[in-house]
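Participant: have a look; sequence and predicted model below, questions after that.
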Amino acid sequence: MENNTTPPPLEKKDNARKPILQDRETTALEGPKSRSFELLFAINVFWQLIRGLRGLHFIGPAVTVFGSARFKEGHPHYEASRIIGQRIVTDLGLTVLTGGGPGVMEAANRGAKEAGGRSVGCNIELPHEQAANPWLDRFVTIKYFFVRKVLLVKYSYAFVIMPGGFGTMDELFETLTLVQTKKIEDFPIVVMGLEYYKNMIELIEDMAEEGTISREDLKLIKFTDDPDEAMEHIHYYLNKNYKPIKKRPTWWLLERS
């Protein structure tokens, strides 16, 4: 005999899962704001970008050094960054550009100044204010990280990655993605710190094994501990790509070199 008995309804429990979105949402989940708010936000972003472009337009060809803000003077990574800053000036004759803060950034700017070169920073506004380091000839302070990263890439002919944390990883992989996808072409990326980055080196090798990147992509990064090797790698690309362009300030735009 066929059983047509309807199963009993599920009992409602007091601890049943509640909807994810309650009456009060977090800031990140608020969705679109008013059109006037979005317009003002876009204008603010544009103004931040213009300030950065004006402030950095005449710094000359630069090498951007990325790295942690947490290493103090005397730490091996601080001293290695200081040497890199010096060598960018003495070996390549280029400006040293950093995020403008303490740690590795300060060390690279300091090395540039000590070598008699030009030292520039692109600082960021943070809840706990990150003051610009004292070794800068010029700096701009930017509100948004994404605008700051545009500026740090725009004025550079090469990138040196020193040991760092989340921010440094963000800067490394965003720059690497731009080179890989040919949004910027033939820009050398040097990563200093074989021991510090050994797990990342293995991960990138695993990516190539799995096919998520190609074997050719491995050539986009130079891993080394040797400043001589780093400078030689950058110098090769400069010989290949560098085209000097003379830029002069326009007085009526209140520009300065």
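Facilitator: Received it, and whenever you're ready, just let me know what you need.
Participant: Phe71 in helix, strand or coil?
Facilitator: Look at Phe71: counting by DSSP: H, G, I helix; E, B strand; the rest coil, its state is coil.
Participant: from what I can see it touches Tyr78, true?
Facilitator: Yes: contact status for Phe71 versus Tyr78: in contact at 4.5 Å, counting by CB atoms under 8 Å. Where C-beta positions appear, they are placed from N, C-alpha and C, glycine not excepted.
Participant: any common contacting residues for the two?
Facilitator: Gly103, Val104, Ala107 (CB atoms under 8 Å, 6 or more residues apart in numbering).
Participant: now the helices for this structure?
Facilitator: Assigned by DSSP state H, the helices in the chain fall at 35-56, 76-92, 104-114, 145-154, 166-180, 198-210, 227-241.
Participant: out of those, flag the one nearest Gln130.
Facilitator: helix 104-114 (9.5 Å; CB to CB).
Participant: show me what that closest one is packed up against.
Facilitator: The contact analysis (3 or more CB pairs under 8 Å, 6 or more residues apart in numbering; DSSP states H and E) places helix 104-114 against strand 62-66, helix 76-92, strand 95-98, strand 119-124.
Participant: packing partners of the second one?
Facilitator: The reference is to helix 76-92. Against helix 76-92 (3+ CB pairs under 8 Å, 6+ apart) you get strand 62-66, strand 95-98, helix 104-114, helix 227-241.
Participant: out of those, which gets the lowest mean score?
Facilitator: Of all those, helix 227-241 carries the lowest average pLDDT, namely a mean of 93.
Participant: from the chain's centre, how far out does that helix sit?
Facilitator: 20 Å (CA atoms, centre = their mean, to the nearest Å).
Participant: can you pull the buried residues of it?
Facilitator: Pro227, Ala230, Met231, His233, Ile234, Leu238 (16 or more other CB atoms under 10 Å).
Participant: ok so, going back, need the winner for burial among the helices of the chain.
Facilitator: Across the helices of the chain, averaging neighbours per residue (mean count of other CB atoms under 10 Å) puts helix 104-114 on top, at a mean of 27.
Participant: any stretches of the chain with poor pLDDT?
Facilitator: 1-30, 129, 244-246 (pLDDT under 70).
Participant: mind listing what the most centrally placed residue in it touches?
Facilitator: Centroid-nearest residue in the chain, with CA atoms, centre = their mean: Glu171, separated by 2.8 Å. By CB under 8 Å, 6+ apart, Glu171 lies in contact with Phe66, Lys149, Leu152, Ile161.
Participant: so how far is Ile142 from the second one?
Facilitator: I take that to be Lys149. Distance, Lys149 to Ile142, using CB to CB, to the nearest Å: 9 Å.
Participant: the first one now?
Facilitator: According to CB to CB, Phe66 stands 15 Å off from Ile142.
Participant: what's the closest non-adjacent residue to Phe139?
Facilitator: Counting by CB to CB, 6 or more residues apart in numbering, Phe139 lies nearest to Gly121, which is 3.8 Å off, once chain neighbours are set aside.
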